[in-house]
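Chemist: fold the stuff below for me.
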Amino acid sequence: MIHSINTINDLILLSTIICIILVVVLFIGIFIPVITKQKRYKIFTFWVFCSFCSYSTAQICDDFFLPPTNINGVAIRSSSTGSVSAYTSSFTSCRNITTPTNAIWLGSTGAFTYTIDFSSPINQLTVMMSATGGPTDENFIFTTNAGTPTISTSNSCFSRIEGNQVFSGLGSPSEGGGGVFLVKSDKNFTSITISGSGGANGTLFAFCSNFKKNACCVADISPTFSSTKMKGKCGDLSFDLTSTKALNQPSNAILTWHSSSNASNSNRIDVSNVKTGNYFAAFYDQEHSCYSTKSTRVDVTLISNPLVDAGNDISVTKGEQIILVGTGARTYIWNKNVKQGIPFIADSSQTYTVVGTDENGCSASDEVFVSVEKLDRKTFDEIAVDDFDEKYFKPVNLVFVLDISNSMNSYNKLSLMKNSVANLVDLLRPQDKITLVTYASESMVILETMSGSDKESIKEKVLELQALGSTAGTAGIKLGFKEAKKSFIEDGTNLLVVITDGAISDKSNSYLNVIEKYQKSFINLSVVGVKNATKDEQNMREAAKKGNGRYVPIFTKEDTKHNLIMEIKKHAFKF
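Modeler: Numbering: from 1, shown residues only. Have a look, this model is predicted:
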């Protein structure tokens with residue numbers, strides 16, 4: 001709290017005492033000269049009286065301030081709109097009310113608002129006005145951020161007070177009206193605004209600087225918490241900070257929350273229903289109407305449940321192997337003893353459910369329906385893995401688009417890719433065709449179309465692969481489709497197989513446009529993921545789906561023996 005040293009009440013008392021003295025002096029000055037016939041006593045008495053009158057109506061502030069400034073550790077700043085400027089000379093109005101050089105000049109050309117902000121709370125401010133009005137009154141409205149103040153004066157001229165307004169100047173001489181006014185509030189405030197419509201060449205303002213700052217009991221105390229990192233429960237749409245308790249809360253203060261670090265009434269917020277973000281805690285001293293100068297940042301994070309996807313419903317023939325892969329989480333648990341990404345055979349049509357859990361421990365589930373069709377003839381599953389008999393399988397035109405970017409060097413990915421392709425080559429027949437396209441920083445054909453009977457030449461080319469460079473997946477896929485079109489087999493299976501660790505996407509997803517272009521060309525596309533990250537699965541699945549193919553994961557050496565082979569056989573199976 002800030003108190004004025006020269007309060008209006010003290011001035012009233014002082015003025016009363018001076019008036020009594022003046023009455024006595026005047027009385028003596030009138031009657032003693034009559035008795036003694038001494039004219040000089042009359043002259044001396046008149047001089048004393050005039051001197052006291054002049055003193056009693058002179059300035060009542062020891063010093064003035066004009067924002068911006070700092071007084072007794074209190075930073076004082078101002079802001080304004082409308083007709084606000086500085087008057088370059090001092091000015092004296094009636095009753096010797098003198099404003100200093102560069103006083104605040106309000107309303108010289110029209111309406112105005114002028115706001116003074118204090119870094120510490122006060123409850124009263126002494127305001128000096130000079131040069132008010134002339135033929136008409138000027139009107140000044142005082143408001144604070146703690147409510148409507150009261151106004152009083154013991155030294156003013158041509159002025160009247162109505163509530164929180166001062167009207168001044170009507171009927172004043174050329175120097176205008178004015179006065180010294182005490183603006184006071186029952187509650188401490190940190191901001192006071194003077195507004196008016198202006199006129200009569202405006203008014204000059206200055207402010208008494210004889211005030212002192214009372215200590216705020218929470219000024220240097222910042223709240224401490226057991227943790228400043230708050231997490232919501234899985235799936236919560238908001239977080240309630242109102243139950244958060246500070247470990248060091250003073251008994252005479254309350255905990256408040258703010259949108260920025262400098263706590264004030266203007267940035268105080270309700271935190272019963274907040275979203276992810278940063279919030280600032282401070283203590284509020286209700287007695288002195290002040291906030292702690294230091295606040296504590298608290299970070300709130302809301303946690304969404306993962307968007308788990310079990311994939312699209314599928315239809316298979318009885319005995320056909322199925323691979324179910326959930327996406328959108330970190331770990332997956334399927335019902336009916338199904339393992340994530342591991343082939344199995346469904347005995348009948350049924351629904352499978354997967355529960356996915358993310359890194360925050362939040363879970364969600366999804367379902368996929370597998371329809372199993374029964375056939376009288378030999379089913380796919382009744383055929384041995386290494387059986388690629390033409391009775392059951394159509395000729396295949398295979399174009400491999402191989403990712404040899406630098407990321408394939410990690411975690412034995414390149415070796416797994418080579419093993420998968422080499423194992424498949426052993427299965428190929430003379431009527432089958434194979435073409436090899438690679439992509440890294442650029443795409444190229446490293447093996448022109450060859451017959452499946454040229455196994456050694458194909459394997460040799462595969463084993464020579466080395467990974468280096470960035471990823472040009474779109475260009476690789478585009479080149480692969482062109483090569484598949486060249487070696488197209490009528491009444492056969494024409495398949496583009498992209499083998500990657502997941503980095504086939506680009507910012508524009510232009511590879512999807514390439515795949516969509518060839519959707520009706522009878523050239524399908526499958527994607528083999530080699531130890532790909534979970535975050536890349538959706539891109540790979542989307543690419544395979546758009547290419548009328550499947551996403552095939554390879555994580556272990558055991559996968560290389562049959563996962564790719566099974567994918568090729570599924571596309572080539574006649575029935």
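Chemist: for the rest of this, base every contact and every neighbour count on C-alpha atoms.
Modeler: Noted.
Chemist: low-scoring stretches of the chain, by residue?
Modeler: Flagging of the chain using pLDDT under 70 yields the residue ranges 1-60, 211-215, 375-377, 503-509.
Chemist: report the central residue of it.
Modeler: For the chain, the residue sitting closest to the mean C-alpha position, by Cα atoms, centre = their mean, is G277 at 5.9 Å.
Chemist: which residues does that one contact?
Modeler: By Cα atoms under 8 Å, 6 or more residues apart in numbering, the contact set of G277 is D299, V300, T301.
Chemist: mind giving me the ChimeraX command for buried ones among the residues you listed?
Modeler: The buried residues among the contacts of G277 can be selected in ChimeraX (16 or more other Cα atoms under 10 Å) with this line:
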select :300,301
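Chemist: dump the contacts of G277 into CSV; add secondary structure and distance to V372 as well.
Modeler: What follows is the contacts of G277, written out as CSV (DSSP: H, G, I helix; E, B strand; the rest coil; distance: Cα to Cα, whole Å):
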residue, secondary structure, distance to V372
D299, strand, 51
V300, strand, 48
T301, strand, 45
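Chemist: can you add distance to F64 and give the contacts of G277 back as JSON lines?
Modeler: Listed next are those as JSON lines, based on distance: Cα to Cα, whole Å:
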{"residue": "D299", "distance to F64": "44"}
{"residue": "V300", "distance to F64": "47"}
{"residue": "T301", "distance to F64": "50"}
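Chemist: out of the contacts of G277, which comes closest to T357?
Modeler: Comparing the contacts of G277 against T357 with Cα to Cα picks out T301 as the nearest, at 18.1 Å.
Chemist: identify the bridge partners of that closest one.
Modeler: In this entry, T301 is beta-bridged to K231, by DSSP bridges.
Chemist: is it true that it touches M230?
Modeler: Yes. With contact defined as Cα atoms under 8 Å, T301 and M230 form a contacting pair (6.2 Å).
Chemist: how much space between the residue nearest to the centre of the chain and F488?
Modeler: Distance of G277 to F488, computed by Cα to Cα, to the nearest Å: 56 Å.
Chemist: count of neighbours near A111?
Modeler: By other Cα atoms under 10 Å, 17 other residues sit near A111.
Chemist: same check on T471?
Modeler: Other residues lying near T471 total 22 when counted by other Cα under 10 Å.
Chemist: same check on the one 5 residues further on?
Modeler: The criterion is other Cα under 10 Å. On that basis, G476 has 26 neighbouring residues.
Chemist: so who does it touch?
Modeler: Residues in contact with G476 (Cα under 8 Å, 6+ apart) are V401, V437, T438, Y439, E442, S443, M444.
Chemist: quick check: phi and psi on the third one?
Modeler: Recorded main-chain torsions at T438 are phi -120, psi 160, according to degrees, to the nearest 10.
Chemist: from what I can see it touches K461, true?
Modeler: No. The pair T438 and K461 does not pass the contact test of Cα under 8 Å, sitting 11.3 Å apart.
Chemist: and the helices in the chain?
Modeler: For the chain, the helices defined by DSSP state H occupy 8-36, 39-56, 413-425, 455-463, 473-486, 510-517, 534-546, 559-572.
Chemist: just want the angle from the fifth one to helix 510-517.
Modeler: In this structure, helix 473-486 runs at an angle of 20 degrees to helix 510-517, with axes from the mean of the first three to the mean of the last three Cα atoms, to 10 degrees as the basis.
Chemist: okay, buried residues for stretch 308-324 please.
Modeler: Neighbour counts over stretch 308-324 (16+ other Cα under 10 Å) mark 308-311, 316-324 as buried.
Chemist: T474 touches I515, doesn't it?
Modeler: No. In this structure, T474 is not within contact of I515 by Cα under 8 Å, at 9.4 Å.
Chemist: and the gap between S457 and I446?
Modeler: Distance of S457 to I446, computed by Cα to Cα: 12 Å.
Chemist: so which residues of the stretch 351-500 of the chain form strands?
Modeler: Taking DSSP state E, counting those that start in this stretch as the criterion, the stretch 351-500 of the chain carries its strands at 363-373, 396-403, 433-439, 443-451, 493-500.
Chemist: nearest to N335 among these would be which one?
Modeler: Closest to N335 of those, according to Cα to Cα: strand 363-373, at 10.1 Å.
Chemist: other residues contacting the closest one?
Modeler: For strand 363-373, contacts defined as Cα under 8 Å, 6+ apart pick out 305-318, 346-357.
Chemist: so which of those are in strands?
Modeler: I314, S315, V316, T317, Q350, T351, Y352, T353, V354, V355, G356, T357 (DSSP state E).
Chemist: look up how far F575 lies from the fourth one.
Modeler: So that's T317. Counting by Cα to Cα, the separation of T317 from F575 is 9 Å.
Chemist: which neighbours do these two share?
Modeler: When contacts are counted by Cα under 8 Å, 6+ apart, T317 and F575 are jointly contacted by T379.
Chemist: got the contact list for L525?
Modeler: So L525 contacts L495, L496, V497, V498, I515, A543, A544, G547, N548, G549, R550 (Cα under 8 Å, 6+ apart).
Chemist: ditto for N335
Modeler: Taking Cα under 8 Å, 6+ apart, one finds Y352, T353, V354 in contact with N335.
Chemist: of those residues - the most surrounded one?
Modeler: Counting neighbours by other Cα under 10 Å, the top entry in the contacts of N335 is V354, with 26 neighbours.
Chemist: what's the neighbour count on the residue nearest to that residue when sequence neighbours are not counted?
Modeler: Nearest residue to V354 in three dimensions, chain neighbours excluded: W334, at 4.3 Å (Cα to Cα, 6 or more residues apart in numbering). If you count neighbours by other Cα under 10 Å, W334 ends up with 20.
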